[in-house]
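1. need the 3D shape of this:
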Amino acid sequence: MVILMEQGLFAGSRLILTGLCALLVSAAASSVAGIYLGSVRENLLLIPGLMVLLPSIIHIRGSIAGVLASRLSSAMHLGEFSVDFGEGSVLGDNIRVSFVVTILIAFVLGIFAYAASRIFGYPVIGVTDLVLISVVTGILAGTVVTGITLLIALASYRYGLDLDMIAAPTVTTFGDIITLPILMISAAFVMLLDPLARLILGGVAVGLTVATIIYTLHRPEGIGPIVRENIGLLIPLSVIGTMAGLTYSSSLDILVTTAAFLILIPPFTGILGSIGGILGSRLSTGMHTGEINPTFIPEGNVAHHFIISYLYTLILLPLLALIAHGAAVLMGSNSPGPGMLVIISLAAGLIVMTLVIGVAYITASLSFRYGLDPDNFGIPVITSLIDLIGAAALVAMIDLLL
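-> Numbering: from 1, shown residues only. Take a look at the predicted model:
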C-alpha cells in the first residue's frame with residue numbers, strides 16, 4: 001500500500017512538473033512575442049483595424065492547433081493512433097481538417113474585424129485588404145504551427161509522454177510567437193501592393209475559401225463531420241476574439257504609450273490559454289477514458305486539476321510581469337513599475353482563471369454528455385474566452401490601479 005501511494009505521488013508530481021516545464025518554455029516564448037509586439041507598436045496605429053484582428057487570428061490559430069493536438073492525444077490514450085497519413089486515418093484526416101478550418105476561419109475573421117470596426121466607429125482599412133491579410137497570415141502560420149504540432153505528437157507517441165501536458169502550452173504558444181510576426185509582415189506586404197494587385201489577390205483568397213468548402217462537401221466521412229463541428233464552434237468564438245480586439249483598441253493609446261502593457265498582452269493571454277488548454281485536455285481525456293464523470297457538480301477527483309491550474313497561475317503570471325517590465329526598460333519604453341505590473345497581471349489573471357475553470361468543466365461535461373467530442377470544444381472555447389475576459393480584466397485593472 002505504501003509503495004503504491006509513493007508511486008501515485010511520484011506520478012502526480014511528475015505530471016505537474018511536466019506541465020510546469022512546458023509552461024515555462026511557453027512563458028519564455030510568448031514573452032518573445034510580446035517584446036516583438038512592443039517593438040512594432042507603431043504599426044498598430046499605421047494600419048487601422050489591425051489591432052481588432054490581432055487577438056482573434058493569433059488565438060484561433062492556437063485553438064485550431066490545440067484541437068488537433070487534443071484529438072491526437074485522446075486517440076493515443078484510446079489506442080487508436082498510428083503514424084498513417086492516408087485517407088481515413090486519424091492522423092491524416094485531422095491534419096487535413098486543420099488546414100481546411102484554418103482557411104475558412106481566416107476568411108471569416110477578416111470580415112468580422114472589418115465589420116466590427118465599422119460598427120463601433122474605429123478606423124479600418126478596406127475589407128478586401130483585411131481579409132487578404134487574414135487569409136495569408138492563416139495559411140502561412142497554419143502550415144508552420146501544424147508542422148510543429150505534428151512533430152510534438154510524434155515525439156510524444158515515440159517516447160511515451162503525455163501529450164495532454166505538453167501540447168496545449170506548446171502549440172498555443174507557437175501559435176502566438178509564429179502568427180504575430182507573420183501577421184505584421186503580411187500586413188506590411190499587402191499594404192505595399194498597388195490597389196489592383198490587392199484586389200486580384202483578394203479574389204484569389206475568396207476562390208481558395210470556396211475551394212475548401214467544396215473539398216469538405218466531397219469528403220463526408222472522416223473530414224466533413226469534424227470540419228462542421230469545428231466551424232460551428234469557431235465562427236461564434238471568432239466574434240468573441242473580435243470583441244477582445246475592440247477592447248484593446250479602445251485603450252490603444254495607453255497600450256502604445258506604456259509599452260510594458262503591450263509587451264504583457266501576448267504572454268498573459270497565451271499562458272492563461274495554455275493553462276486552460278492543459279485543463280481542458282485533461283478533462284477531455286478523463287471523460288474519454290471513464291476516469292471523470294460529466295456530472296453537474298464536479299466530483300472530488302476533478303478538484304486536483306483545478307488546484308494545479310491555480311498553482312501554475314500563481315507561479316507564472318508574476319514572472320511574466322517582471323519579464324515585461326525588464327523588456328520595456330531595456331527598450332527604453334514606459335512601464336508602471338515591476339510591483340504594479342505584477343499586481344495588475346496577477347489580479348487580472350486570477351479573475352480570468354476562476355472563470356476559465358468553470359467554463360472548461362461545463363464545456364467538457366455538456367459536450368460529452370450530448371454525444372459531442374470535448375476535444376473539439378474545450379481548447380477553442382477556453383482560449384477564445386480568455387481573449388475576451390483577459391482583455392477586459394487587464395484593461396479594467398489598468399484603469400482601476402493607475
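2. can you give me the helices in the protein?
-> 2-39, 41-46, 50-77, 90-119, 127-159, 163-192, 195-217, 223-250, 252-257, 259-289, 303-330, 338-369, 374-401 (DSSP state H).
3. check contacts around residue 198.
-> Counting by Cβ atoms under 8 Å, 6 or more residues apart in numbering, residue 198 makes contact with 126, 128, 129, 132, 190. For every residue, glycine as well, the C-beta is placed using N, CA and C.
4. at 10 Å what do you get?
-> Residues near residue 198 by Cβ atoms under 10 Å, 6 or more residues apart in numbering: 125, 126, 128, 129, 132, 133, 190, 191, 192.
5. what of residue 340?
-> Residues counted as contacts of residue 340 (Cβ under 10 Å, 6+ apart) are 260, 321, 325, 397, 398, 401, 402.
6. hmm, back to that, out of the helices of the chain, nearest to residue 297?
-> Comparing these by their distance to residue 297 (Cβ to Cβ), the top pick is helix 338-369, with 9.6 Å.
7. give the buried residues for the closest one.
-> For helix 338-369, a neighbour-count test (16 or more other Cβ atoms under 10 Å) marks 338, 340-349, 351-353, 355-357, 359-361, 363-365, 367-368 as buried.
8. tally of neighbours for the residue nearest to residue 247 when sequence neighbours are not counted?
-> Using Cβ to Cβ, 6 or more residues apart in numbering and skipping residues adjacent in sequence, the residue nearest residue 247 is residue 391, 4.1 Å away. Residue 391: 27 surrounding residues under other Cβ atoms under 10 Å.
9. where does this protein have low pLDDT?
-> 1-12, 14-15, 77, 84, 88, 161-162, 164-169, 172, 219-222, 373-380 (pLDDT under 70).
10. right, and the helices of the chain - which one's nearest residue 295?
-> Relative to residue 295, the nearest member of the helices of the chain by Cβ to Cβ is helix 338-369, separated by 7.2 Å.
11. so how far is the closest one from its chain's centroid?
-> Distance, stretch centre to chain centre, for helix 338-369: 14 Å (Cα atoms, centre = their mean, to the nearest Å).
12. same question for stretch 192-201.
-> Offset of stretch 192-201 from its chain centre (Cα atoms, centre = their mean): 30 Å.
13. check stretch 309-324 too.
-> Distance, centroid of stretch 309-324 to centroid of chain: 18 Å (Cα atoms, centre = their mean).
14. report the buried residues of that stretch.
-> For stretch 309-324, using 16+ other Cβ under 10 Å, the buried residues are 309, 312, 313, 316, 317, 318, 319, 320, 321, 322, 323, 324.
15. and stretch 114-129, by the same measure?
-> By neighbour count on 16+ other Cβ under 10 Å, the buried set for stretch 114-129 is 114, 115, 116, 117, 122, 124, 125, 127, 128, 129.
16. hmm, residue 238 and the second one touching each other?
-> Spelled out, that is residue 115. No - counting by Cβ atoms under 10 Å, residue 115 does not reach residue 238; the two are 11.2 Å apart.
17. need phi/psi at residue 335.
-> With angles defined as degrees, to the nearest 10, residue 335 sits at phi -150, psi 150.
18. isn't it up against residue 342?
-> No - with contact defined as Cβ under 10 Å, residue 335 does not reach residue 342; the gap is 11.4 Å.
19. now do the shared contacts for those two.
-> In contact with both residue 335 and residue 342: 321, 324, 325, using Cβ under 10 Å, 6+ apart.
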